[in-house]
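> got a sequence here, can you model it:
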Amino acid sequence: SGAGSAAGVANSIATMSSGTANSGYGQIQTVRTSRFIFANPNLCRGLVRIDDTTELESTRRWGAFTTTATTTPENGFFFSVDGAGSLSVNIVSAGSITTVSSGSFNGSVVSYIMDTNVHAYEIMYFMMGVWFYIDNALIHKFTPTTAVLSQSWSLPITVTAINSASGTESSNIELWASSILRLGESYT
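Below is the predicted model:
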């Protein structure tokens, strides 16, 4: 949506471009959702590349989450990079987003500096927690206290590049491969 925005595949890589229009975006979302079963965690894994980590007035998001009619996250879990190149991990439940930014992570590293290389981003989610990994390193854990972490657990893979305001450059995100797998028995 918007001037110069796009979501397409070339050379086996899906690229989303925000374009330069105010609130312009490129987004891809799987038609099928992952089936969530209480007894087994799901693992969303994606090979993602950000071609320029600092694109003013833009946000790039990727993970297992639903959206409203446009690109607003509604339920699920995702990584995001803001216009200044700062990484955050996010959970969203009924449109209410909880964000933890680099520098405040509680995993094996406290902060993470984005670069332009492809990395393996993983989100393991189950009723008692959501764990975020980058290249097999635990970045952050969310644990529920008085409410569930998401109103929906059967989620699609979603990748978005969006402008928050009219800019002069389009922001891009590349998705090289992605899947959501159930960890555990294939039969229930």
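> bridging residues for the residue most central in space within the chain?
Centroid-nearest residue in the chain, with CA atoms, centre = their mean: residue 62, separated by 2.1 Å. Per DSSP bridges, the residues bridged to residue 62 are residue 79, residue 159.
> for it, which residues are in contact?
Taking CB atoms under 8 Å, 6 or more residues apart in numbering, we find residue 62 in contact with 46, 48, 78, 79, 80, 121, 158, 159, 160, 173, 175, 178. For every residue, glycine as well, the C-beta is placed using N, CA and C.
> separation between the last one and residue 89?
What it means is residue 178. Residue 178 sits 17 Å away from residue 89, going by CB to CB, to the nearest Å.
> higher neighbour count, the two?
Taking neighbours as other CB atoms under 10 Å, residue 178 and residue 89 compare with residue 89 leading, 28 against 20.
> from residue 13, how far off is that one?
Per CB to CB, residue 89 is found 24 Å from residue 13.
> repeat for residue 3
According to CB to CB, residue 3 and residue 13 sit 23 Å apart.
> ok, whichever strand or helix holds residue 48: who's next to it in the sheet?
Assigned by DSSP states H and E, residue 48 belongs to strand 42-49. Sheet pairing for strand 42-49, assigned by DSSP bridges, gives strand 119-126 (antiparallel), strand 172-182 (antiparallel).
> residue 84: which of these is closest?
Ranking the strands paired with strand 42-49 by their distance to residue 84 (criterion: CB to CB) puts strand 172-182 first, at 15.7 Å.
> name the helix or strand of this structure that has the lowest mean pLDDT.
In the chain, the helix or strand scored least confidently by mean pLDDT, DSSP states H and E is strand 6-10, which has a mean of 84.
> centre of the chain versus the helix or strand following it, how much separation?
As assigned by DSSP H and E, the chain's next helix or strand after strand 6-10 is strand 13-17. From the chain centre to the centre of strand 13-17 is a distance of 14 Å (CA atoms, centre = their mean, to the nearest Å).
> give me the helices and strands touching strand 13-17, please.
Strand 13-17 sits against strand 6-10, strand 25-29, strand 157-163, strand 172-182, with contacts defined as 3 or more CB pairs under 8 Å, 6 or more residues apart in numbering; DSSP states H and E.
> tally of neighbours for residue 98?
By the criterion of other CB under 10 Å, residue 98 has 11 neighbours.
> beta-bridge partners for it, please?
residue 91.
> wait, it sits on residue 78?
No. If you go by CB atoms under 8 Å, residue 98 and residue 78 don't touch, sitting 11.4 Å apart.
> which ones are touching the closest residue in space to residue 92 that isn't next to it in sequence?
Counting by CB to CB, 6 or more residues apart in numbering, residue 73 is the residue found nearest to residue 92 once chain neighbours are left out, at 4.3 Å. Residues in contact with residue 73 (CB under 8 Å, 6+ apart) are 61, 65, 66, 67, 90, 92, 95, 97.
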